[in-house]
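need a structure here:
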Amino acid sequence: MIVAFSVAPSGGPSASSDGSVHDAVAAAVRIVRESGLPNRTSSMFTEVEGEWDEVMDVVKRATEAVGEYGTRVSLVLKADIRPGHTGEIDGKLERLEAALGD
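All right, here's what the predicted structure looks like:
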């Protein structure tokens, strides 16, 4: 499965003077990267690929880390659940690029 998620704190001194929550997001991304699961981060979401329990554990720990930066946490999550398929975090993009090249 691939999960794309975005997590951000609110309620408290979580944001910098310009409204950025980059420190909190960095804490979440650090957990994702240290998990060893295939992942990538863009300006809006972090994607992580693996089995259900391991992916959800990473999302939970990342969300808890962000919770340290505020009194409330917003979590947006989208999952692509496709049993029996691995390597889709790159495979889906490779197929898209091939289709665009046609």
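
next, the nearest residue to Arg72 once chain neighbours are set aside: phi, psi?
Once flanking residues are discounted, Arg72 sits nearest to Gly11: 4.2 Å by CB to CB, 6 or more residues apart in numbering. Bear in mind the C-beta positions are built from the backbone N, C-alpha and C, glycine included. Backbone geometry at Gly11, expressed as degrees, to the nearest 10, gives phi 70, psi 80.

got it, and Val21?
Taking degrees, to the nearest 10 as the convention, Val21 sits at phi -120, psi 30.

returning to that earlier point: would you confirm that the residue nearest to Arg72 contacts Val73?
No - in this structure, Gly11 is not within contact of Val73 by CB atoms under 8 Å, at 9.0 Å.

these two: which is more packed in?
Val73 (21 against 10; other CB atoms under 10 Å).

and the particular helix or strand that has Met56 in it, which residues are buried?
Here Met56 sits within helix 52-67, counting by DSSP states H and E. Buried residues in helix 52-67, counted by 16 or more other CB atoms under 10 Å: Val55, Met56, Val58, Val59, Ala62, Thr63, Ala65, Val66, Gly67.

wait, what's in contact with the fifth one?
Think Ala62. Listed by CB atoms under 8 Å, 6 or more residues apart in numbering, the contact partners of Ala62 are Phe5, Val7, Ala27, Ala28, Val29, Ile31, Val32, Thr46.

in the chain, which spans are strands?
Taking DSSP state E as the test, the strands found in the chain are 2-10, 39-41, 46-49, 72-80.

export those strands as TSV, with columns for distance to Gly87 and mean pLDDT.
Converted to TSV, the strands of the chain look like this (distance: least, CB to CB, whole Å; pLDDT from 0 to 100):
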stretch	distance to Gly87	mean pLDDT
strand 2-10	10	96
strand 39-41	13	97
strand 46-49	8	98
strand 72-80	13	97
